[in-house]
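Peer 1: I would like the atomic coordinates for the input below:
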Amino acid sequence: MKILFYNHTGNVSGAERVLLMILKGLDRQLFDPVVLCPTDGRLTEMARDVGAGIIPIAQLAARFTWRVDHLLRYLASFLNVIRTARSIVLSEGPDIIHANSIRAGLVMSAATVGLKVPVVWHAHDILPRHPLSAAVRLVACATKRNQILAVSHAAAAQFRGIVSSRLNRRIAVKVIHNTVDLERFQPNPASRREIRRALGLTEKQQVVGIVGHLTPNKGQLELIEAFAAMSREASNAVLLVVGESLFNRGDDYEKSLVSTANSLGVADRVRFLGPRDDVPAIMQGLDLLVVNSRTEACPLTVLEGLASGTAVLATAVGGTPEVIRHGENGWLVPARDQQSLIQAMLLLLRDENLLRELGANGRRDALTRFGVEEFITKIISLYRSVAERGRTPQQESSGVLEVKLSPD
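Peer 2: Next up is the predicted model:
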């Protein structure tokens with residue numbers, strides 16, 4: 001079965017890491033994966049490393065905005081990418097297209113008008129409240145060839161919305177939660193000692209961390225402010241900020257983070273580590289992982305913290321409560337509530353037994369609920385059902401898509 005994966009950016013963030021896990025997990029005797037994406041980021045190299053073919057395409061410059069001039073520019077980018085994508089689909093003849101974002105789904109649904117190929121929209125994000133969201137839903141409902149793959153029930157519910165809920169017979173929505181590499185992320189006391197030593201941290205210091213690309217949506221600025229307030233009562237605490245700016249004027253945001261740490265007098269206790277290839281080791285060095293996002297569909301960082309056996313404090317947004325059970329395998333606070341965030345950090349850092357209990361329960365949950373093997377089995381099952389649904393009598397007789405998949 002030939003699957004054309006389309007990713008609208010060449011940068012690697014959470015959605016791309018999930019894509020790479022899918023590419024790595026597909027049996028090459030049964031599947032022929034080809035990745036269509038821009039070549040100006042790390043994704044092409046990483047996809048090649050897991051044995052996928054690469055086809056370059058221009059970057060899609062489009063996002064939700066209220067500015068009409070930007071909308072016109074984004075529309076021009078859409079039209080250019082759609083034309084190129086259609087030409088590639090016609091030449092490659094994939095059995096299924098896996099569009100690795102909502103924007104990618106829009107492109108591929110438009111690029112395949114009049115064709116028989118099914119399109120899987122992988123919804124990694126919560127669809128925002130915006131007039132354009134209604135248009136997105138209508139495009140998704142326009143053909144039965146489309147299959148929505150949501151990473152959480154929250155993402156699925158938001159995608160359906162009021163309009164498409166009335167048209168739910170026109171579109172299929174499947175929820176498959178994200179996965180985590182349980183071998184790469186796992187408890188490792190030796191790694192904890194080594195990374196702390198490398199970062200100049202002692203075992204007595206209380207290390208809080210936030211991991212992810214630097215953007216207002218991830219809440220690094222608010223965490224630095226909360227840490228500054230908290231640190232008056234936790235003088236031995238250190239905050240590690242891991243990640244880089246990737247999108248939408250992120251450099252300005254990164255500068256504001258550094259400026260805020262300086263102005264609040266905690267610059268010596270807030271360390272900006274930038275992008276790291278040793279995130280599993282960083283996770284081991286933390287006493288508490290904070291995920292302070294304003295919105296999340298199914299955050300990989302939370303899953304990585306659980307798998308690492310590291311206590312996780314997260315905002316109760318989107319699909320996060322589907323992963324974190326408050327007080328059992330992690331701790332939840334309301335989003336944009338600084339006082340709750342401060343109190344939760346102090347409570348957890350003062351109770352080592354609670355930290356250990358949350359970490360142990362988190363690891364156990366990761367093992368039973370979020371393993372890669374189960375995830376790939378579900379993805380293959382989805383591909384099989386989509387392919388079967390998309391067959392035509394002509395394809396059946398010609399033997400196209402004739403592939404035997406192992407049972408779920």
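Peer 1: pLDDT weak spots in the protein?
Peer 2: Within the chain, the segments meeting pLDDT under 70 span 62-73, 162-171, 247-250, 390-408.
Peer 1: at 50 instead, please
Peer 2: Low-confidence segments of the chain (pLDDT under 50): 392-408.
Peer 1: which helix is the longest one in it?
Peer 2: If you go by DSSP state H, the chain has its longest helix at helix 68-92.
Peer 1: mind checking how far it is from the chain centre?
Peer 2: 24 Å (Cα atoms, centre = their mean, to the nearest Å).
Peer 1: go on, stretch 187-205?
Peer 2: In terms of Cα atoms, centre = their mean, the centre of stretch 187-205 is found 27 Å from the chain centre.
Peer 1: ok, residues contacting that stretch?
Peer 2: By Cβ atoms under 8 Å, 6 or more residues apart in numbering, the residues outside stretch 187-205 that reach it are 207, 236-238, 240, 271, 273, 278, 280-282, 284-285, 308-309, 359, 363. Heads up, the C-betas are built off the backbone N, CA and C, glycines and all.
Peer 1: that stretch: which residues count as buried?
Peer 2: Neighbour counts over stretch 187-205 (16 or more other Cβ atoms under 10 Å) mark 188, 191, 192, 195, 196, 199, 201 as buried.
Peer 1: just confirm the fifth one is within a helix.
Peer 2: Which is residue 196. Yes - with DSSP: H, G, I helix; E, B strand; the rest coil as the criterion, residue 196 is part of a helix.
Peer 1: what's the spacing between it and residue 276?
Peer 2: Applying Cβ to Cβ, to the nearest Å, the value for residue 196 to residue 276 is 14 Å.
Peer 1: would you map the strands across the stretch 201-350 of the chain?
Peer 2: Along the stretch 201-350 of the chain, the segments classed as strands by DSSP state E, counting those that start in this stretch run 206-211, 237-242, 270-274, 288-291, 312-315, 331-333.
Peer 1: one step back: pull out the buried members of the contacts of stretch 187-205.
Peer 2: Counted by 16+ other Cβ under 10 Å, the contacts of stretch 187-205 give 207, 237-238, 240, 271, 273, 280-282, 284-285, 308-309, 359, 363 as buried.
Peer 1: farthest-separated two in the residues you listed?
Peer 2: Farthest pair in the buried ones among the contacts of stretch 187-205 (Cβ to Cβ) is 271 and 363. Separation: 25.8 Å.
Peer 1: was I right to think residue 58 contacts residue 80?
Peer 2: Yes - using Cβ atoms under 8 Å, residue 58 makes contact with residue 80 at a distance of 6.3 Å.
Peer 1: quick one: residues contacting the residue nearest to residue 349 when sequence neighbours are not counted.
Peer 2: Leaving aside its sequence neighbours, residue 349 sits nearest to residue 206 (Cβ to Cβ, 6 or more residues apart in numbering; 5.0 Å). Residues in contact with residue 206 (Cβ under 8 Å, 6+ apart) are 234, 236, 237, 238, 287, 288, 349.
Peer 1: what does residue 50 give?
Peer 2: 20, 23, 24.
Peer 1: swap in 6 Å and give it another go.
Peer 2: Residues in contact with residue 50 (Cβ atoms under 6 Å, 6 or more residues apart in numbering) are 23, 24.
Peer 1: do residue 26 as well
Peer 2: Here residue 26 is in contact with residue 33 (Cβ under 6 Å, 6+ apart).
Peer 1: give me the phi and psi for it.
Peer 2: When read as degrees, to the nearest 10, the backbone of residue 26 gives phi -80, psi 130.
Peer 1: and it, how close does it get to residue 4?
Peer 2: Per Cβ to Cβ, residue 26 is found 13 Å from residue 4.
Peer 1: for residue 157, same thing?
Peer 2: From residue 157 to residue 4 the distance is 28 Å (Cβ to Cβ).
Peer 1: now do residue 339
Peer 2: For residue 339, the distance to residue 4 equals 49 Å [Cβ to Cβ].
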